[in-house]
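Visitor: Could you look at this predicted model? Sequence included:
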Amino acid sequence: MPSPTVAVPFITRYISRIMSIEPIRRQSLISLANVIGLTALGYIATMYFAHVLGPAVLGSYYLFLSYYGVFSLVGDGGFGGAAIKRISEGREADEYFSAYIVLRVILLAVSLTALLFLAPFFREFASSGLFPWLFLALIAGTIAGFGSSGVYGSGKVGVAQISDFVSSAVKILIQVIATFLGYAAAGLAGGFILGLLAGFILNFSYLPLKLAKFGVHHLQSLFSFSFWIFLTSTGFTIFATADTILIGYFLTNADVGIYRIAYQLTGVALFICIAVNTALFPRISRWNTDKDLPSIGSALTRAISFSLLLAVPVVTGGILLGDSMLYYFYGADFVSGTPALRVLLIMQLVTVFVTLQITCLNAMDRPKHSFAATSLAAAINIGLNIVLIPFLGILGAALATLASISLTAIISYVYLSRNLKIILEHRSIMNIIIAASVMAGGVLMFRAVLGIPSVLYLLGIIVTGALLYFSVLFGIDPKLRLEAGDLLRTVGLL
């Protein structure tokens, strides 16, 4: 074991190597490690919850999260995104931060009042015992928002990412302990709240902003941007919650649990997209202020290619192995979600484009276009859910989500292309598709010859498919192989 005198210089050199990476790539790498770590913890914990609690209890918790998303949207009013935008511009950051806090406190009071007024309409949800926890979660979420918006807007993306990791790690730890002790849905909600507070404590420790006197023009600036951010966020919140809430209305809590487990499983496809997107917003915002459109276009092009690098094989493998993954990872009760899982996997492929395009529109100070891209699709999403869920069950909810998110992708592309030249790296994308096709053939052959009689066989086929995919991809795309090799050498993994 190395002595402290040896270990400290080694750590210092390693950190120096990390910091020498180009900023967006460095922050994307940190974000990717963060996403992988969080998702790994979340998936393992959810598997435990699924086996111990079953789909009905999980369904109650997912409804809690959906209602939290709706009422926290009201409590934010779009000012979180507006504050991040104005703070990231580097002018009068303290004043904008202070104005944001005052506005959030006012909106929190509005949100809690609305929740109490609507409480009689949540009879089934209230019967689960989670209504008081929802009230506390909204308060905790507002407090946590102060720290995360200030830190992220100040460009401290690494701190924000570490805070997210700590928040999720604390949440999962508390939830696992509470489930083991038999607290069921209340334990899951309590862990969620404590995780929010843990993230705030860390963000607050590195918050570079302070309270300052602000003027009317600061409020006006936040209002002018937040209005469209709020409307855009409403569209995204509808995408994230309408299907869950309407499944709970038309079907059962167990159906909610099965659907949300399938939805969560598809999230692996967005690993790289989320990592790149997190690092992208503050820099595009600064480039837009400097009128540096070529840098924005180049960053978006690479972001799409890197995001598809993982999304395409995950979607391909998930379609082929989804039934086995639901059975072995979550339990026999969840296998009925396989058809919805396959549709949702395709939806996540479209989400790659939506996420990056909407981020660009917002960072380029065009929230009106973001709203236009999401509002119509959000309305269609609700309508399709109402029509399809009673006839097709959770598969109808998945189809409604796919149709509406596809519409968002088309509209956001049209608006973005008016202001920015978008050039896809067709050769790299084609290489990704070819490698994924070869992987699919190998997976089908493996399954036909050996079958999947146990979870070990399932893990074996997943690892084999991944190795085959990357071997083929790096073999036919030398540029990508060199970029990956340079990155791994830079961080000391090669």
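Guide: Perfect, I can see it now. Numbering: from 1, shown residues only.

Visitor: residue boundaries of the helices in the stretch 51-200 of the chain?
Guide: 79-88, 93-118, 123-126, 131-153, 157-180, 184-205 (DSSP state H, counting those that start in this stretch).

Visitor: Mind giving me the packing neighbours of the second one?
Guide: Applying 3 or more Cβ pairs under 8 Å, 6 or more residues apart in numbering; DSSP states H and E, we find helix 93-118 packed against helix 23-76, helix 79-88, helix 131-153, helix 216-250. C-beta coordinates here come from the backbone N, C-alpha and C atoms, glycine included.

Visitor: could these go into CSV alongside mean pLDDT, mean neighbour count and distance to residue 184?
Guide: Output for the helices and strands packed on helix 93-118, formatted as CSV (pLDDT from 0 to 100; neighbours: other Cβ atoms under 10 Å; distance: least, Cβ to Cβ, whole Å):
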stretch, mean pLDDT, mean neighbour count, distance to residue 184
helix 23-76, 81, 20, 5
helix 79-88, 79, 26, 31
helix 131-153, 89, 21, 12
helix 216-250, 79, 20, 17
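
Visitor: Pipe those helices into TSV and attach distance to residue 207 per row.
Guide: TSV is the format used below for the helices and strands packed on helix 93-118 (distance: least, Cβ to Cβ, whole Å):
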stretch	distance to residue 207
helix 23-76	18
helix 79-88	11
helix 131-153	5
helix 216-250	18
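
Visitor: and of these, who's closest to residue 427?
Guide: When these are compared by Cβ to Cβ, helix 23-76 sits nearest residue 427, at 20.5 Å.

Visitor: Go through the helices and strands packed on helix 93-118 and name the closest to residue 161.
Guide: helix 23-76 (4.5 Å).

Visitor: what about that closest one, distance to the chain center?
Guide: Computed by Cα atoms, centre = their mean, to the nearest Å, the chain-centroid distance of helix 23-76 equals 8 Å.

Visitor: now it against helix 216-250, angle please.
Guide: Helix 23-76 and helix 216-250 meet at an angle of 80 degrees, taking axes from the mean of the first three to the mean of the last three Cα atoms, to 10 degrees as the criterion.

Visitor: Among the helices of the stretch 51-200 of the chain, which comes closest to residue 421?
Guide: Using Cβ to Cβ, the helices of the stretch 51-200 of the chain put helix 79-88 closest to residue 421, at 23.1 Å.

Visitor: Might one say that residue 49 is in contact with residue 178?
Guide: No: taking Cβ atoms under 8 Å as the definition, residue 49 is not a contact partner of residue 178, at 10.3 Å.

Visitor: Between these two, which contacts overlap?
Guide: Common contact partners of residue 49 and residue 178 (Cβ atoms under 8 Å, 6 or more residues apart in numbering): residue 188.

Visitor: can you put the helices of the stretch 51-200 of the chain in a markdown table and add distance to residue 373?
Guide: A markdown table is the format used below for the helices of the stretch 51-200 of the chain (distance: least, Cβ to Cβ, whole Å):
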| stretch | distance to residue 373 |
| --- | --- |
| helix 79-88 | 15 |
| helix 93-118 | 24 |
| helix 123-126 | 31 |
| helix 131-153 | 23 |
| helix 157-180 | 25 |
| helix 184-205 | 29 |
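
Visitor: mind checking which of those helices is nearest residue 43?
Guide: When the helices of the stretch 51-200 of the chain are compared by Cβ to Cβ, helix 157-180 sits nearest residue 43, at 10.1 Å.

Visitor: That closest one packs against which elements?
Guide: Short answer (3+ Cβ pairs under 8 Å, 6+ apart): helix 157-180 packs on helix 23-76, helix 131-153, helix 184-205, helix 271-289.

Visitor: how many neighbours does residue 120 have?
Guide: For residue 120, the number of neighbouring residues by other Cβ atoms under 10 Å comes to 8.

Visitor: per-residue pLDDT, it?
Guide: What the model reports as pLDDT for residue 120 is 78.

Visitor: show me the residues around residue 98 that make contact.
Guide: Contacts of residue 98 (Cβ under 8 Å, 6+ apart): 211-214, 218.

Visitor: In ChimeraX, select just the buried ones from those residues.
Guide: Restricted to buried positions by 16 or more other Cβ atoms under 10 Å, the ChimeraX selection for the contacts of residue 98 reads:
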select :214,218
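
Visitor: What is the most widely separated pair among the contacts of residue 98?
Guide: Within those, 211 and 218 form the most distant pair, 12.7 Å apart (Cβ to Cβ).

Visitor: Grab the most central residue of the protein for me.
Guide: residue 274 (6.1 Å; Cα atoms, centre = their mean).
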